[in-house]
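Student: Test case, fold it:
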Amino acid sequence: MTEVRWDAEIADERVEVALRTDAHLGEGPVWDGRTDTLVWVDILDGVVHRFDPSTGEDEATFVGQPVGAAVPRLGGGLLLALRDGFGLQEPDGSVSLLAEVEAEMPMSRMNDGKCDPAGRLWAGTMDEDHAPGRGALYRLDHDRRVTRMVSEVTVSNGLAWSPDGATMYYVDTPTQGVDAFDFDLATGEVANRRRLITIPGEDGSPDGMTVDSDGCLWVALWGGFALRRYTPHGALEDVVPMPVSRVTSCAFGGADLRELYVTTARRALGSQELASQPLAGSLFRLRPGVAGLPATPCCL
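Tutor: Numbers count the residues shown, from 1 in each chain. Below is the predicted model:
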């Protein structure tokens, strides 16, 4: 009976519950094609999850500090965007710090991150009090060198690349939009920042995102009860209603990359909101009718 009640609360028939859980701040989903599992994180609890859709099992590993992103590594294990900087989780679960980031700023932590098509890890920072302009976006190269790529960021969030690798998309959440950059795949340099999408505040705030094989962007709306699809030119093409308000990120997965996994959060929801959103913090799945792009493992 409980399963039926959950399904009844989902307004869009394409959406289903993949994993009933209560993540505080679920984020950063990425499909690991080598193991056919979904890696995702619960940021503030410092937990890296690995969900196996074939069994329904979800393996959770505490990594010792808040973790904004975890991405598969070509040589095995995971690269992490930790509170203190870029880290490495070995296949045996042990964690080490590769490079400190903003060590001089005690209220700073790393947030969302993703590998570019050349296998470099990008991740940004934010101030725990959301102080304007305190964060930045960083790039971790194959030689472990860290470069600040975008400054004066408030809440560094979603990242994605166009199918041809020539455009990088980026979200600094309080700006209420998605920006595009020209991207040099060979060097990892960005240029020509411009606004692609602006989302009205009453519709929620942009959080994590991904790009499908048609080049369209899927953007999660924090506070918006929805996931949206935009064309490469920024036109709104589809809205998927979600049964929870804190929609945080999304990633394509499954054997054919035609399943879209969506992370959510319970953070900052009051008792009445939680009562009306019993699925808050769960992992959702839908088949939107389009395939995604394979995630590039980090080449570090």
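
Student: And the helices in this structure, which stretches?
Tutor: Here the chain has its helices, by DSSP state H, at 2-8, 271-276.

Student: Which of those helices comes out lowest on mean pLDDT?
Tutor: Ranked by mean pLDDT, those bottom out at helix 2-8, with a mean of 34.

Student: How many residues are close by P294?
Tutor: Residues lying near P294 (other C-beta atoms under 10 Å) number 13. Quick note: C-beta positions are derived from backbone N, CA and C, even for glycine.

Student: Check the residue nearest to it when sequence neighbours are not counted and give its pLDDT.
Tutor: Beyond its immediate neighbours in the sequence, the residue positioned closest to P294 (C-beta to C-beta, 6 or more residues apart in numbering) is G33, lying 5.8 Å away. Model confidence at G33, given as pLDDT, is 96.

Student: From the structure, what's the count of residues near G33?
Tutor: Neighbours of G33 using other C-beta under 10 Å come to 15.

Student: measure it to S213 for me?
Tutor: Taking C-beta to C-beta, to the nearest Å as the measure, G33 falls 15 Å from S213.

Student: Kindly report the same for G188.
Tutor: Where S213 is concerned, G188 sits at a distance of 23 Å (C-beta to C-beta).

Student: Just want to know which of the two has more residues nearby.
Tutor: G188 (18 against 14).

Student: what's that one sitting at in phi/psi?
Tutor: Dihedral angles of G188 (phi, psi; degrees, to the nearest 10) stand at phi 80, psi 10.

Student: my guess is T248 meets L221, correct?
Tutor: No. Assessed by C-beta atoms under 8 Å, T248 is found out of contact with L221, at 9.4 Å.

Student: Common neighbours of those two, please.
Tutor: D207 (C-beta atoms under 8 Å, 6 or more residues apart in numbering).

Student: Which one's more surrounded, the two?
Tutor: Of the pair T248 and L221, T248 is the one with more neighbours under other C-beta under 10 Å, namely 27 against 21.

Student: for stretch 17-27, what is the average pLDDT?
Tutor: 98.

Student: Could you list the low-pLDDT ranges of the stretch 151-300 of the chain?
Tutor: By pLDDT under 70, the stretch 151-300 of the chain contains no weakly predicted segment.

Student: Quick one: the strands in it, in order.
Tutor: 156-161, 167-172, 177-183, 190-198, 205-211, 217-222, 226-230, 236-241, 247-253, 259-264, 283-286 (DSSP state E, counting those that start in this stretch).

Student: Just list whatever residues bridge to the residue nearest to V47 when sequence neighbours are not counted.
Tutor: Distance criterion C-beta to C-beta, 6+ apart; nearest residue to V47, sequence neighbours excluded, is A60 at 5.1 Å. Judged by DSSP bridges, the bridge partners of A60 are H49.

Student: residues near A60, how many?
Tutor: Residues near A60, counting by other C-beta under 10 Å: 14.

Student: Repeat that for the one 10 residues further on.
Tutor: Using other C-beta under 10 Å, A70 is surrounded by 29 other residues.

Student: who's in contact with the closest residue to G289 other than its chain neighbours?
Tutor: Excluding the flanking residues, the one nearest G289 by C-beta to C-beta, 6+ apart is R258, at 7.9 Å. Counting by C-beta under 8 Å, 6+ apart, R258 touches F252, R287, P288, G289, V290, A291, G292.

Student: What of G28?
Tutor: By C-beta under 8 Å, 6+ apart, G28 lies in contact with 39-41, 43, 68-70, 112-114, 208, 249, 263.

Student: any idea how far the nearest residue to E90 once chain neighbours are set aside is from V41?
Tutor: Sequence neighbours aside, G77 is the residue nearest to E90 in space, at 4.7 Å (criterion: C-beta to C-beta, 6+ apart). The gap separating G77 from V41 is 15 Å, by C-beta to C-beta.
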